[in-house]
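A.B. asks: I need the structure of the sequence given here:
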Amino acid sequence: MGQKIHPVGLRVGIIRGHDSHWFYKKKGYADAVKLDHDIRAYIKKRVGLGNVSRVEIERAANRLKVNIFTARPGAIIGRGGKGIDELTDTLNRRVRKTDETLVVQVNVSEVRQPELDAQIVAENVCAQLEKRISHRRAMRQAMTRVVRLNGRGIKIQVSGRLGGSEIARTEGDMNGKVPLHTLRADIDYGFAEAHTIYGIIGCKVWIYKGEVLPEKRLRELDAIVQSQQEERQRRTREDRGDRGDRRAFASTKTESAPAPAPAPAEEPAAPVATEGSES
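C.D. replies: Below is the predicted model:
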């Protein structure tokens, strides 16, 4: 099941949270979901491929807060904050068509390591495919960057008319390990599309960053591993507890056991007197 389901959706509530934080009544719930989708689509279209990791949306009272996580915050903020002011005004006009009481507030956060962000990696691969760069070369470069930054594993899959072939196919490559069934594994997932002259090519990226566990559990595991290593170093080859040692122990026990005491000798029987002997 872990191979088919969305890796982020599978881990929501365990090690991941939601990208939308709000509560709504049943009547306006569908409109709120559609508005979130439109906001994210507009921001990605405005900023371009390879720049936006994710967009978190929060609603509180009459305020709608949009948090943009990007690898290039300067491209959104602009000179003197002009870019972010224009983006805020545009979003306010779009939101007021649905709810006139909402006021949009835009915040921009920088992604420190964009090479380890699955969505940014997928969009960068698609940007290279649109420039007619070989898909194998684009995948190899992305995997090399992840390994250089101590990523635990990466898996990339592209699908479509690769290289302009007449028949669409799917190709992929993987470096390291990507445990999709492990819920405590921090796996980032990204998907993007490249619009080429031959058609649309899809790109999926899985990046494994390690396990996410509480600090108490991590300390317990470290103590267990350390004790096992000390026990392994302490034990010698003669003290392995295998079958040969048990046999040697049994033979030693048999040799050291005291010999049983000899049985007492029987006394000879007394001669029986007969009539002939008396005469």
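A.B. asks: This protein: strands as residue ranges?
C.D. replies: In the chain, the strands defined using DSSP state E lie at 20-21, 52-60, 63-70, 103-110, 153-160, 169-176, 185-196, 199-211.
A.B. asks: So which of these is the most surrounded?
C.D. replies: strand 153-160 (a mean of 22; mean count of other C-beta atoms under 10 Å). Heads up, the C-betas are built off the backbone N, CA and C, glycines and all.
A.B. asks: Restricting to C-alpha, output it in PDB.
C.D. replies: Output of strand 153-160 as PDB, limited to C-alpha atoms (Å, rounded to 0.1, in the frame of the first residue of the first chain):
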ATOM      1  CA  GLY A 153      17.800   8.300  -0.400                       C
ATOM      2  CA  ILE A 154      16.000   9.600  -3.500                       C
ATOM      3  CA  LYS A 155      13.700   8.000  -6.100                       C
ATOM      4  CA  ILE A 156      12.800   9.800  -9.400                       C
ATOM      5  CA  GLN A 157      10.300   8.700 -12.000                       C
ATOM      6  CA  VAL A 158       9.500  10.400 -15.300                       C
ATOM      7  CA  SER A 159       6.700   9.300 -17.600                       C
ATOM      8  CA  GLY A 160       5.600  10.400 -21.100                       C
END
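A.B. asks: Mean confidence (pLDDT) on that strand, please.
C.D. replies: The predicted model gives strand 153-160 an average pLDDT of 96.
A.B. asks: just checking, what packs against that strand?
C.D. replies: On a contact count with 3 or more C-beta pairs under 8 Å, 6 or more residues apart in numbering; DSSP states H and E, strand 153-160 meets helix 118-130, helix 135-148, strand 169-176, strand 199-211.
A.B. asks: how about 10 Å then?
C.D. replies: Strand 153-160 sits against helix 118-130, helix 135-148, strand 169-176, strand 185-196, strand 199-211, with contacts defined as 3 or more C-beta pairs under 10 Å, 6 or more residues apart in numbering; DSSP states H and E.
A.B. asks: Can you give the strand pairings for it, parallel or anti for each?
C.D. replies: strand 169-176 (antiparallel), strand 199-211 (antiparallel) (DSSP bridges).
A.B. asks: CA-only coordinates of the first one in PDB, if you can.
C.D. replies: Output for strand 169-176, consisting of C-alpha atoms alone and laid out as PDB, is shown next (Å, rounded to 0.1, in the frame of the first residue of the first chain):
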ATOM      1  CA  ARG A 169       7.000   5.100 -21.500                       C
ATOM      2  CA  THR A 170       8.100   5.300 -17.800                       C
ATOM      3  CA  GLU A 171      11.600   5.400 -16.600                       C
ATOM      4  CA  GLY A 172      13.000   5.900 -13.100                       C
ATOM      5  CA  ASP A 173      16.100   5.700 -11.000                       C
ATOM      6  CA  MET A 174      16.900   5.400  -7.300                       C
ATOM      7  CA  ASN A 175      19.900   6.100  -5.100                       C
ATOM      8  CA  GLY A 176      20.000   5.000  -1.400                       C
END
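A.B. asks: Between helix 135-148 and that strand, find me the angle.
C.D. replies: If you take axes from the mean of the first three to the mean of the last three C-alpha atoms, to 10 degrees, strand 169-176 sits at 20 degrees to helix 135-148.
A.B. asks: among the strands of the chain, which is nearest residue 123?
C.D. replies: strand 185-196 (4.4 Å; C-beta to C-beta).
A.B. asks: Just the CA atoms of the closest one, as CSV, please.
C.D. replies: Written as CSV, here are the backbone C-alpha positions of strand 185-196 (Å, rounded to 0.1, in the frame of the first residue of the first chain):
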residue,chain,number,x,y,z
ALA,A,185,10.3,7.7,7.9
ASP,A,186,10.4,11.4,6.8
ILE,A,187,9.7,11.1,3.1
ASP,A,188,9.1,14.2,1.1
TYR,A,189,7.1,13.9,-2.2
GLY,A,190,6.8,16.2,-5.2
PHE,A,191,5.1,16.1,-8.5
ALA,A,192,5.5,18.4,-11.5
GLU,A,193,4.7,18.5,-15.3
ALA,A,194,6.9,19.5,-18.2
HIS,A,195,5.1,21.0,-21.2
THR,A,196,7.2,20.0,-24.2
